[in-house]
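can you look at this prediction? I've put the sequence above it.
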Amino acid sequence: MRILVTGGTGFTGAALVRRLLGEGHGVAVLDKQPGLALDELRTAGAEVTLGSITDRAALERCTRGAEVVMHLAAAFRETGAPDSLYRAVNVDGTRNVMEAALQAGARKVIYCSTQGVHGHIANPPGDENSPIAPEDYYQRTKYEGEEVVREYADRGVEFCILRPMAIYGPGDPGRFLLIFRHARKGRFLMFGSGETYYQPLYIDNLVDAFLLAMAPGAGAGEAYLIGDQEYWPIRTLVEKAGQALGVQVSIPTFPLWPLIVAGHLCEQACKPFGINPPIFPRRVDWFRQVRAFRIDKARRDLGYNPRIAIDEGLRRTAAWYRQNGFLR
């Protein structure tokens with residue numbers, strides 16, 4: 001079938017597009033950035049358009065003939081960006097996607113949200129019934145995007161919402177790369193106890209969930225937390241990253257509150273200049289916010305079963321970083 005993937009040149013989107021192409025689907029991609037995978041995806045047969053979901057005309061062109069729309073495009077960690085950008089992309093842009101899907105006659109939209117809509121989980125593990133408690137503007141607008149998607153159920157567009165955990169794997173440019181870089185040096189500075197729970201999600205496991213949700217009727221009208229089977233104290237994740245590299249990591253601990261203050265001050269100081277701050281509140285949250293969930297609902301309704309466990313996932317990720325010069 002023909003499938004549109006918004007945000008398809010990013011880390012997660014590119015992995016999804018590769019799998020869809022490998023299964024014989026025709027794939028259209030709309031993304032405002034070329035990413036690292038643009039040439040690769042075009043060579044593999046994807047129809048890639050560089051543009052934004054805020055551009056209704058471009059979106060409508062890409063959606064024509066699409067039976068399924070997988071909506072991953074989002075404003076996330078935009079350096080120096082005003083809150084209005086997050087709303088324009090994550091809320092208004094999602095409305096554009098849903099409208100284009102409706103006009104194109106697409107039978108299903110799969111919306112990629114985030115576990116972050118639940119905020120801090122005080123009594124882990126949480127699940128889909130945990131309170132909606134986003135703690136920053138990105139998370140708030142992603143949940144508002146979910147509400148936009150739900151508006152279209154009565155207009156005949158079937159949808160399924162996925163809320164991924166902390167995505168990692170080969171090609172990951174985010175937090176796990178930072179963990180590996182520090183672990184490689186044999187010393188990781190831990191702020192707080194290091195016992196905060198964190199739930200990873202290996203990229204192939206997430207792609208499995210997208211493909212399962214693509215089936216007619218699968219998870220229709222529902223939201224699903226998608227993660228690996230287990231959650232871990234962040235100290236343990238650092239140790240496991242070191243093991244994947246063959247390094248024993250020393251983890252000295254420090255009080256958390258000075259880092260919280262520094263994160264807010266650094267972000268505010270850098271924002272007027274459009275500088276990417278070396279530390280900011282969302283990064284500090286990793287040390288303090290509990291993110292641990294059950295995935296029973298996705299198992300039951302979608303048949304989701306995470307295949308790649310943490311040790312194998314970290315081993316594959318470490319190997320990719322080394323092969324591509326990220327851990328020199």
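Done, it's in. Not measured: the values here are computed from a predicted model.

now Glu267, what's its secondary structure?
Under DSSP: H, G, I helix; E, B strand; the rest coil, the three-state class of Glu267 is helix.

tell me which residues touch it, please.
Going by C-beta atoms under 8 Å, 6 or more residues apart in numbering, Glu267 touches 277, 279-281. Heads up, the C-betas are built off the backbone N, CA and C, glycines and all.

could you check how many residues crowd around Ala100?
26 (other C-beta atoms under 10 Å).

my bad, should have said Val89
Counted by other C-beta under 10 Å, the residues lying close to Val89 total 24.

on that earlier part again, make TSV out of the contacts of Glu267 and add pLDDT, neighbour count and secondary structure.
Output for those, formatted as TSV (pLDDT from 0 to 100; neighbours: other C-beta atoms under 10 Å; DSSP: H, G, I helix; E, B strand; the rest coil):
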residue	pLDDT	neighbour count	secondary structure
Pro277	75	19	coil
Ile279	77	16	coil
Phe280	73	21	coil
Pro281	73	16	helix
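
nearest to Leu245, out of those residues: which one, please.
Proximity of those to Leu245 (C-beta to C-beta) peaks at Ile279, which lies at 23.6 Å.

was I right about the closest one contacting Cys266?
Yes. Using C-beta atoms under 8 Å, Ile279 makes contact with Cys266 at a distance of 5.0 Å.

let's verify Ile167: helix, strand, or coil?
Going by three-state DSSP: Ile167 is strand.

out of everything not next to it in sequence, what's closest to it?
Distances taken as C-beta to C-beta, 6 or more residues apart in numbering place Leu201 nearest to Ile167, at 5.0 Å, with adjacent residues excluded.

that neighbour falls within a strand, correct?
Yes. With three-state DSSP as the criterion, Leu201 is part of a strand.

show the contacting residues for it.
Neighbouring residues of Leu201 by C-beta under 8 Å, 6+ apart: 164-168, 226-228, 306.

in the stretch 1-150 of the chain, which spans are strands?
With strands called from DSSP state E, counting those that start in this stretch, the stretch 1-150 of the chain shows them at 2-6, 26-31, 47-50, 68-71, 108-112.

mean neighbour count and distance to Ala37 added to these, as JSON lines?
Output for those, formatted as JSON lines (neighbours: other C-beta atoms under 10 Å; distance: least, C-beta to C-beta, whole Å):
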{"stretch": "strand 2-6", "mean neighbour count": "27", "distance to Ala37": "12"}
{"stretch": "strand 26-31", "mean neighbour count": "24", "distance to Ala37": "9"}
{"stretch": "strand 47-50", "mean neighbour count": "17", "distance to Ala37": "9"}
{"stretch": "strand 68-71", "mean neighbour count": "26", "distance to Ala37": "15"}
{"stretch": "strand 108-112", "mean neighbour count": "25", "distance to Ala37": "17"}
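
quick one: which of those is nearest Ala244?
strand 108-112 (26.6 Å).

and the closest one with strand 2-6, angle?
Interaxial angle, strand 108-112 versus strand 2-6 (axes from the mean of the first three to the mean of the last three C-alpha atoms, to 10 degrees): 30 degrees.

how about residues contacting strand 108-112?
The set of residues external to strand 108-112 that reach it, using C-beta under 8 Å, 6+ apart, is 7, 12, 67-72, 74, 94, 97-98, 101, 145-146, 149, 152, 157-162, 164, 210, 213-214, 216, 220.

partners of that strand in the sheet?
strand 68-71 (parallel), strand 158-164 (parallel) (DSSP bridges).

and the helices in the stretch 151-300 of the chain?
175-184, 203-213, 234-245, 257-270, 281-288, 296-302 (DSSP state H, counting those that start in this stretch).

so where is the stretch 51-200 of the chain shaky, pLDDT-wise?
For the stretch 51-200 of the chain, the stretches with pLDDT under 70 are 77-81.
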